[in-house]
Structures are given as structure tokens and as C-alpha cells.
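*Asks:* With the sequence up front, the predicted model follows.
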Amino acid sequence: MTTPSTPAGNIPPGPGGVPAAPAGSGAPVPGGGLGGGVFGGGPVIDQGVNRPTVTVATYTDYAAAQAAVDYLSDNQFPVEHSAIVGSNLRLVENVLGRLTTGRAALAGAASGAWFGLFIGLLFGIFSDANWFAVVFSALAIGAFWGALFGAIAHGMTRGQRDFTSRSSLQATEYAVMVDAEHAESARQLLTRMNWRSSGAS
């Protein structure tokens, strides 16, 4: 068996002499169907090229951008062709308060109690003893060990992080982007939304 030297359509030969399409060309890929192999399944189109998108609106906070996409969805717009893109991302850590050994133990006790409650309910289903006693015992044991581990974990930090915080990613601008073919209808819907929010008739 010989390999063709010049395949049709200037497509370079692949394994076994079968023409293979270059990545990102959009040409059908032989054997890429459900059946697999050279002759398995139908042709699959390479999705290497991204679809062009257009920015239809920009907002300074994520809630407004989310409300815009929700309005598009409520008005039967194909929101699967849209995206919310944040630019100039930054990490913001909000400090919630001071963390002491006692507070660390309380937090550990709360999480341990929840785990103990789950174990107690699980054992209570298959136990012939007093159901309430089994659940309460597991809850108390979980709270005790949770408080102990919480205090030990805080003590091991040696005062290097005596505060609790919550981290979040924030952007300076949020853009609502849609595929170019749907850009005009998205602009019309968002213009109507702005009219209604401004109180215009």
C-alpha cells in the first residue's frame, strides 16, 4: 500500500495514508464520530476557531451585569451565546474580626457538632438503643473533638494570623458580550431595560 504524495485539497496525509485536516482549519475530521477508527461514525467539525463576540454593555459591578443577562433570558434571548467578562481583576480580602483560641475552639466545636450529628443520625437508624441518646452522644463527641482540634490548629499558627477573613475576586468593569450575529437584538433588549429602569414610558 502506498501513501498518496499529494492529497486532494492540499490536506497533508495522516496515519495510514488517510488525509488529516490541520488543527483549527474547520475541515471535517475523518473517523471522529461515535464509532471511532478510520471509518467509524460521521465527520466531526473542528472547533479550533472561536466565534466573534461583541460587547453590548458594560457595568461597574457584577450584580448589574447579572441582572442584564437575566433580563435577556426572561425575554427569550439565547443566553447560551452570551458571557460576562470581568477586566482588571484584583483579590480583595475582607477582615471579619479577631481570632482568638476561644473563638477557634467554638468554630471547631460547631463544625464538629454537625459532623457528629450526621454520624449520630446514621448510627441511630441501625441501632436498637435509645435513638436520642445515640444522636446526642455523637453530637457531643463531635463538638468536643472539633473544639480540641480547632484550638490546637490555632495554637500552631503562633499568632501569625489572629484574624478571620473572606477573600473574593473583584473586577473594575464587567462586560456583557454576545455573539456578533445576536448583538443587535441584545442591544435592543438592554436599551428597553434601561428605559424601564429610568421610569421612561
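*Replies:* Thanks, I have it. Residues are numbered from 1 along each chain as shown.
*Asks:* Wait, Met177 touches Ser82, no?
*Replies:* Yes. The pair formed by Met177 and Ser82 meets the contact definition of CB atoms under 8 Å, at 6.7 Å. Heads up, the C-betas are built off the backbone N, CA and C, glycines and all.
*Asks:* Helix or strand with the lowest mean pLDDT in the protein?
*Replies:* Least confident helix or strand of the chain, by mean pLDDT, DSSP states H and E, is strand 44-45 with a mean of 40.
*Asks:* May I see the buried residues of the helix or strand just after that one?
*Replies:* Sequence order places strand 53-59 as the next helix or strand after strand 44-45, per DSSP states H and E. Neighbour counts over strand 53-59 (16 or more other CB atoms under 10 Å) mark 53, 56-57, 59 as buried.
*Asks:* closest to Glu184 among those residues?
*Replies:* Val56 (8.9 Å; CB to CB).
*Asks:* What residues does the closest one make contact with?
*Replies:* 176-178, 183, 186-187, 190 (CB atoms under 8 Å, 6 or more residues apart in numbering).
*Asks:* let's see 6 Å
*Replies:* 176, 178, 183, 186-187 (CB atoms under 6 Å, 6 or more residues apart in numbering).
*Asks:* now do Ala175
*Replies:* 55, 58, 85.
*Asks:* what do you get if the cut-off is 8 Å, keeping everything else the same?
*Replies:* Ala175 neighbours (CB under 8 Å, 6+ apart): 55, 57-59, 65, 84-87.
*Asks:* Let's have the residues you listed in JSON lines, adding distance to Ile141 and pLDDT.
*Replies:* Output for the contacts of Ala175, formatted as JSON lines (distance: CB to CB, whole Å; pLDDT from 0 to 100):
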{"residue": "Thr55", "distance to Ile141": "56", "pLDDT": "94"}
{"residue": "Ala57", "distance to Ile141": "55", "pLDDT": "94"}
{"residue": "Thr58", "distance to Ile141": "54", "pLDDT": "94"}
{"residue": "Tyr59", "distance to Ile141": "50", "pLDDT": "94"}
{"residue": "Ala65", "distance to Ile141": "47", "pLDDT": "95"}
{"residue": "Ile84", "distance to Ile141": "46", "pLDDT": "95"}
{"residue": "Val85", "distance to Ile141": "49", "pLDDT": "94"}
{"residue": "Gly86", "distance to Ile141": "45", "pLDDT": "94"}
{"residue": "Ser87", "distance to Ile141": "50", "pLDDT": "92"}
